[in-house]
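In: Have a look at this prediction, sequence included:
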Amino acid sequence: MAFKVFKRKKRTAPKEKSPDRGLLSFHNTSEVIKAESLLREKGWEVRVMGPPPELRTGCDLVIEFPLVEQLNILRLLEENKIAPLEVVPVDDPLLKPVGLFKTTDYGQYLMVRAANMKLTIDKESLRIVNISGGGCPDVPYLGAKLVGKDLRQASPPRELGHTLCGYALQLAYEEIKRQCSL
């Protein structure tokens, strides 16, 4: 039996690089939703992501933002009485936020998972065929209101639910519409 010999790559010190993104963590999902809406409305490119383990608090979401705008963003949030728990530069690989989306193509069906919520559509008719996941009390209500509806005419989940699950379903809804070019 032959064994391959692998040479170890020489480790080099990481290059000094200033972070260009930061993370805002909040007490709860409502604050994340308000902050994200406000920041997008004012033109900032922000992303809602899953927090790295070091930043997990009560809320399972953080907002990634351009770090050079930190003072302006914090001033705007303060003016609107939205106070983040923490503001952290993303300069450590362990502090990288977790992506929220996973898409699975089942042939006739397309499923997008955002955080803990899944939205599945029939690719041909664009009908919502399933909503699952989460543990929030509004998940059955969201399913009852959306399953069977055409994706193009369905109410955005954000208008129907106000929990972390409803928010995650809104993200899945937006992503699946983006993937379907709607």
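Out: Done, it's in. Everything numeric in this text was worked out from a predicted model, so none of it was measured.
In: pLDDT of the lengthiest helix in the chain, averaged?
Out: When the chain is scanned for its longest helix (criterion: DSSP state H), the result is helix 164-179. Helix 164-179 shows a mean pLDDT of 91 in the predicted model.
In: Only the buried residues of it, if you could.
Out: Buried positions in helix 164-179, judged by neighbour count with 16 or more other C-beta atoms under 10 Å: 164-177. (Each C-beta comes from the backbone N, C-alpha and C, glycine too.)
In: And for stretch 144-157?
Out: 145-147, 151, 154, 157.
In: repeat for stretch 112-121
Out: 112-121.
In: Identify those among these that sit within helices.
Out: Among these, no member lies in helices (by DSSP H).
In: Show me which of the buried residues of stretch 144-157 is closest to residue 136.
Out: Proximity of the buried residues of stretch 144-157 to residue 136 (C-beta to C-beta) peaks at residue 157, which lies at 11.4 Å.
In: What pLDDT is listed against the closest one?
Out: 94.
In: ok, it - contacts?
Out: Shown in contact with residue 157 (C-beta atoms under 8 Å, 6 or more residues apart in numbering): 142, 146, 166-167, 169-170, 173.
In: So what does it look like in phi/psi?
Out: phi -50, psi -30 (degrees, to the nearest 10).
In: if I pick the nearest residue to residue 67 once chain neighbours are set aside, what's in contact with it?
Out: The shortest distance from residue 67 to any non-neighbouring residue, by C-beta to C-beta, 6 or more residues apart in numbering, is to residue 22 (4.2 Å). By C-beta under 8 Å, 6+ apart, the contact set of residue 22 is 64-67, 70, 87-90.
In: Including distance to residue 54, could the buried residues of stretch 112-121 go into CSV?
Out: Shown next, in CSV, are the buried residues of stretch 112-121 (distance: C-beta to C-beta, whole Å):
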residue, distance to residue 54
112, 27
113, 24
114, 22
115, 18
116, 20
117, 24
118, 27
119, 30
120, 33
121, 36
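In: and stretch 40-55, C-alpha only, in PDB?
Out: Taking C-alpha atoms only, stretch 40-55 is exported to PDB below (Å, rounded to 0.1, in the frame of the first residue of the first chain):
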ATOM      1  CA  ARG A  40     -32.000  50.900   4.100                       C
ATOM      2  CA  GLU A  41     -34.400  53.800   3.900                       C
ATOM      3  CA  LYS A  42     -31.500  56.200   4.400                       C
ATOM      4  CA  GLY A  43     -29.500  54.400   1.700                       C
ATOM      5  CA  TRP A  44     -27.000  52.300   3.600                       C
ATOM      6  CA  GLU A  45     -26.100  48.800   2.300                       C
ATOM      7  CA  VAL A  46     -26.800  46.600   5.300                       C
ATOM      8  CA  ARG A  47     -27.400  42.800   5.600                       C
ATOM      9  CA  VAL A  48     -29.200  40.900   8.300                       C
ATOM     10  CA  MET A  49     -27.300  37.800   9.200                       C
ATOM     11  CA  GLY A  50     -27.000  35.200  11.900                       C
ATOM     12  CA  PRO A  51     -24.700  36.300  14.700                       C
ATOM     13  CA  PRO A  52     -21.400  34.500  15.300                       C
ATOM     14  CA  PRO A  53     -21.500  32.500  18.500                       C
ATOM     15  CA  GLU A  54     -19.500  35.200  20.400                       C
ATOM     16  CA  LEU A  55     -22.300  37.700  19.800                       C
END
